[in-house]
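A.B. asks: Return a 3D structure for these sequence lines:
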Amino acid sequence: MLALPQSIIYAGLVGVLISLIVATAQQRWQLRVFFLLTLRIAIGWHFLFEGLHKVHSRYIGVTETNRVFTSEPYFAAGEGPLAEQMRKDYLGDPVAIYTARLTQPKPMTPEEFKKLPVEEQAKLCPEFVAKELQSEDPKQRLNTHSAFAGWVYGTTGRDTKVKYVSGDVAMTGPQRLKHIEILEKEFKGLEERQSAHMGRGDGVELGKTKTARTELLAAKNDLAKDTDAFINELRKDLGLEPMKADGKEKMKDLDKMTAYAITIIGACILFGLFTPLACVAGAGFLAMTYLTHPTVPWLSLPPMTEGNPLFINKNIIEALALLAIAVHPTGRWMGLDALWTWAFGKAFGPSDETPANV
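C.D. replies: Residues are numbered from 1 along each chain as shown. Have a look, this model is predicted:
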């Protein structure tokens, strides 16, 4: 992003301070005016530059020093109701993905599978995968079908990263499924121990539970991605285009919309334009983040959480602050809403009338 000279930044801060003093003076030096305006500017600044950072990361693209903003990891690790719905709508259920690709059409040991001719091995390729590996050349089709079936039945392995093991480990499909089963049992055991303490417990046990859950989610997501990667490798051998990942495209569209929405909301709050609507929209966005990672006692704390919030976290506090701003005419005290009122002769947002008997 374009770097501004410090002199301009300092001049802008001085200008904001003078504007706050003038606006407060026009409202009979009411302290509530000064602090509500200051709160609005602070939150608007927070939203605006958070949004600009996300937009900038998308503009630069992937480099050695830049990671493009994506909300996929946030939703993937979420334990709230919104995270579950977003995974279903945008990321897809990794368990359903790899189950459709790794379920053996006919139970059989690796030794029995090896003894079959290629034609019979190809028939044991899961139906979903077989549909994705169609070719006019019968020999190529048989080879790709039998290659994937060999991974499904445990005769061939693919390089996989395993925690605490340096380098890649060649693992078959059944071995990957067994690894996930072990991780799931470990996580459920730790989770049952935590449930007696309403999800909190001591720091060591909580850390173990969170780590186990992260490893389990990562293993499931990695297996789903690896099945897609193997299919696309075989499709490339057949001269076919990679499978379309509709969920990925939908997630990219959602990320783009989120980055620009936060930027617009922040600019409106900061400059006092359509302030009540912008504040409600900002509060709604913060509510969505809370529903993705709620700080409720029966769930583990969200990643990168500061302190030990119980029910109430910084997102809830900021959302409540935005709603408090929304019911005051701060945009007319200092902002572009005042120009709207002057131009159209009608105030935008709540009035500033105070009941007589308070």
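
A.B. asks: The stretch 151-300 of the chain: helices as residue ranges?
C.D. replies: Shown for the stretch 151-300 of the chain, the helices assigned by DSSP state H, counting those that start in this stretch span residues 173-195, 203-237, 246-271, 275-292.

A.B. asks: After the host helix or strand of Ala23, which helix or strand is next?
C.D. replies: Taking DSSP states H and E as the criterion, the element that holds Ala23 is helix 6-26. Moving toward the C-terminus from helix 6-26, the next helix or strand (DSSP H and E) is helix 31-60.

A.B. asks: Now do that following helix, average pLDDT.
C.D. replies: Regarding helix 31-60, the rounded mean pLDDT is 94.

A.B. asks: same check, this time on stretch 263-273
C.D. replies: Stretch 263-273 comes out at a mean pLDDT of 96.

A.B. asks: What is the burial count for Ile262?
C.D. replies: Ile262 sits with 23 neighbouring residues when counted by other C-beta atoms under 10 Å. Any C-beta I mention is one placed from the backbone N, CA and C, and that applies to glycine too.

A.B. asks: who touches the closest residue to it other than its chain neighbours in this structure?
C.D. replies: With C-beta to C-beta, 6 or more residues apart in numbering as the measure, Gly51 is the residue that lies nearest to Ile262, at 3.4 Å, once sequence neighbours are left out. The neighbourhood of Gly51, defined by C-beta atoms under 8 Å, 6 or more residues apart in numbering, consists of Ala259, Tyr260, Ala261, Ile262, Thr263, Ile264, Ile265, Gly266.

A.B. asks: which residue packs closest to the fifth one, ignoring adjacent ones?
C.D. replies: Okay, so that is Thr263. Spatial nearest neighbour of Thr263, excluding adjacent residues (C-beta to C-beta, 6+ apart): Gly51 at 3.1 Å.

A.B. asks: Could you list the low-pLDDT ranges of this structure?
C.D. replies: Across the chain, the stretches falling below the confidence threshold (pLDDT under 70) are 1-4, 163-166, 195-204, 245-248, 300-304, 351-358.

A.B. asks: Show me what counts as buried in stretch 28-38.
C.D. replies: When neighbours are counted by 16 or more other C-beta atoms under 10 Å, the buried residues of stretch 28-38 are found to be Val33, Phe34, Leu36, Leu37.

A.B. asks: And for stretch 160-180?
C.D. replies: Within stretch 160-180, the residues that count as buried by 16+ other C-beta under 10 Å are Thr160, Met171, Thr172, Gly173, Pro174, Arg176, Leu177, His179, Ile180.
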